[in-house]
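Q: Turn this into a model:
(chains A and B)
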Amino acid sequence: MLDIRFVRENADAVKAAMANRNAKVDVDAVLELDSRRRVIVAEAEELKAERNRISKSIGQMIKEGQNAETIKAQVRDMGDKIAAFDDELRDIDAKLRDALLYIPNMPSATTPVGKDEKDNPVVRSWGEKKTFDFAPVAHWDLGAALGLFDLERGAKIAGSGFPLFTGKGAKLERALIQFMLDLHTEEHGYTEIAPPFMCNETAMTGTGQLPKFAEDMYAVPLDGLYPIPTAEVPVTNMYGNEILTQELPICHTAYTPCFRREAGSAGKDTRGLLRVHQFDKVELVKFTTPETSAEEHEKLTLDAERVLQKLGLHYRVIELCTGDLGFSAAKCYDIELWAPAQDKWLEVSSCSNFHDYQARRANIRYRNEDGKPAFVHTINGSGVALPRLVIAIMENNQNADGTIDLPEAIQPYMGGLKKLG
RNA sequence: GGAAAGGUGGCUGAGUGGCUUAAGGCGAUGGAUUGCUAAUCCGUUGUACUGCAAUAGCGGUACCGGGGGUUCGAAUCCCCCCCUUUCCGCCA
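A: As a prediction, this is how the structure comes out:
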């Protein structure tokens, strides 16, 4: 969430930023609530100060044996007025907070201005497109033929979009997870977290999924819980309402399944593993000072890229322009893998710097050089998401005979297996 | 699911309606003393919002797990909820 003081003092900049995002935000309504709130606060507090003074003197009078009934009645009336102010204040506070929760983050000064995904610049790429002397087969056909997954049976028990992996396909999931966790913990300095796979409303609000994106999530209303759409939610909110005393940056990696309703995307990329309701992901999360967040963001992105380099997969990094930037992000790089049978780039990681936006929502602070509490910057990115990684491995490494070569880096995790099929 | 005991500042731990502006201790920090260290002594020590000054300052309000209530006045009394611990039951 944005700092209301920032909005108050930079209203024009906020409006311009929202326009660049194509976000419909009524900044003036927020400013109006804010100024109304401050009037009420001033009046209510003045009354309270007076009541406190008189109450104290009542205590004194009673001790001296004087009758205080008249003055008590007066203060009782004051109490009614105060209650009325407090009621209005509660109401305005709720409205203001709600309004602020629906305002997306300010894009970073370095984020390119653009209208939509067509304006996202390519930052760099690694490797080259593989050439085939046969027509590459789509992963869904390869997977079915090799018995790596059984999407029909997954659909039978849960619905379409809930993949069911079998045999070596299931083992490949487990192997990739372990490979990535080992890489990030042993070579990149992240501490592993195994968090809850469900979070409450407070946590979901802290990272920005709620209240705006309730429809994108599964929910367990009976218990007030939501299956997590990403490990970002538990791993960021684990420090909610804390003043961190650890040395920054704090770097965490976590494997979790992710659950997404993908509301509004029905009918798009539905085949195979392209877009599913449940998938596995290894996430990277950092908590930094404002001074180092830009640098740590770059490093985190490189850490995610290392996964793909080690697996020998051709990828590119694009930077999201203001019009395509996610709700909570100030700056974001997407990493995309090349999938030859799809003839498409597939997003496997979004590495975002949220500045203090999530930290303010979740109330995560540290002590700055003056020893004063200040909001941390949060950064996270997938390192990386499994389904499209699996797609890329399958489609890029397929042979004419329908077998799939396993990248060397993953072979130790597959019990030395070099090839599927 | 049942029962009991708890939740107070960075930590520990007092506090059952007004002298609490949350005691005392520890820690932290500034200073004095000291050849250095230790010890000792003196001072400081939270968060948020808000008003005025607009850099350091001065005032107000709120905050003792969360939310309601009683009262002129609540850390303290009442109600609901959450969490922790222990015991019982159920369970992988």
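Q: What are the boundaries of the helices in chain A?
A: Assigned by DSSP state H, chain A shows helices spanning A:4-9, A:11-20, A:27-63, A:69-101, A:139-146, A:151-157, A:167-182, A:201-206, A:232-237, A:293-310, A:357-362, A:386-396.
Q: Can you name the residue of the stretch 251-400 of chain A nearest RNA strand B?
A: When CB to the nearest atom of the strand is the measure, the stretch 251-400 of chain A has its nearest residue to RNA strand B at residue A:373, with 4.5 Å between them. Just so you know, the C-beta spots here come from the backbone N, C-alpha and C atoms, and that holds for glycine as well.
Q: In the beta-sheet assignment, what are the partners of that residue?
A: Using DSSP bridges, the beta-bridge partners of residue A:373 come out as residue A:367.
Q: Show the pLDDT at it.
A: We have a pLDDT of 87 for residue A:373.
Q: Redo the helices of chain A as a markdown table? Include mean pLDDT.
A: Conversion of these to a markdown table gives the following (pLDDT from 0 to 100):
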| stretch | mean pLDDT |
| --- | --- |
| helix A:4-9 | 93 |
| helix A:11-20 | 95 |
| helix A:27-63 | 89 |
| helix A:69-101 | 88 |
| helix A:139-146 | 96 |
| helix A:151-157 | 94 |
| helix A:167-182 | 98 |
| helix A:201-206 | 91 |
| helix A:232-237 | 94 |
| helix A:293-310 | 98 |
| helix A:357-362 | 93 |
| helix A:386-396 | 97 |
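Q: which stretch among those helices comes nearest residue A:131?
A: The stretch from the helices of chain A with the least distance to residue A:131 (CB to CB) is helix A:386-396; that distance is 10.9 Å.
Q: I'd like the distance from residue A:85 to residue A:316, if you could.
A: 57 Å (CB to CB, to the nearest Å).
Q: residues contacting residue A:393?
A: When the contact criterion is CB atoms under 8 Å, 6 or more residues apart in numbering, the partners of residue A:393 are A:172, A:311, A:313, A:404, A:406, A:407, A:410.
Q: What residues sit buried inside stretch A:71-88?
A: If you call a residue buried by 16 or more other CB atoms under 10 Å, then stretch A:71-88 has these buried ones: A:75, A:82, A:85.
Q: can you pull the contacts of residue A:188?
A: A:251, A:253, A:303, A:306.
Q: And those, which is closest to residue A:91?
A: residue A:251 (41.7 Å).
Q: Show me what that closest one is bridged to.
A: With DSSP bridges applied, residue A:251 shows beta-bridge pairing to residue A:286.
Q: That one - how many residues pack around it?
A: Counted by other CB atoms under 10 Å, the residues lying close to residue A:251 total 21.
Q: Is it correct that it is in contact with residue A:193?
A: No: look at residue A:251 against residue A:193 with CB atoms under 8 Å: they stay out of range, at 10.4 Å.
Q: contacting residues around residue A:417?
A: Residue A:417 makes contact with A:168, A:406, A:411, according to CB under 8 Å, 6+ apart.
Q: and the nearest residue to residue A:249 once chain neighbours are set aside, what does it touch?
A: Setting aside the residues directly before and after it, residue A:249 is nearest to residue A:288 in space (CB to CB, 6 or more residues apart in numbering), at 4.2 Å. Shown in contact with residue A:288 (CB under 8 Å, 6+ apart): A:248, A:249, A:296, A:376, A:377, A:378, A:379.
Q: could you redo the last one with a cut-off of 7 Å?
A: A:248, A:249, A:296, A:376, A:377, A:379 (CB atoms under 7 Å, 6 or more residues apart in numbering).
Q: Name whatever forms a beta bridge with the last one.
A: So the one you mean is residue A:379. The bridge-partner assignment for residue A:379, based on DSSP bridges, gives residue A:286, residue A:353.
Q: Need the phi and psi values for residue A:418.
A: phi -100, psi -20 (degrees, to the nearest 10).
Q: before we move on, back to that, can I get the contacts of residue A:188 in JSON lines including distance to RNA strand B?
A: Written out in JSON lines, the entries for those read as follows (distance: CB to the nearest atom of the strand, whole Å):
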{"residue": "A:251", "distance to RNA strand B": "23"}
{"residue": "A:253", "distance to RNA strand B": "24"}
{"residue": "A:303", "distance to RNA strand B": "32"}
{"residue": "A:306", "distance to RNA strand B": "35"}
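Q: so what's the residue of the stretch 151-300 of chain A found nearest RNA strand B closest to, chain neighbours aside?
A: Residue nearest to RNA strand B within the stretch 151-300 of chain A: residue A:243 (7.0 Å; CB to the nearest atom of the strand). Leaving aside its chain neighbours, residue A:243 sits nearest to residue A:365 (4.7 Å; criterion: CB to CB, 6+ apart).
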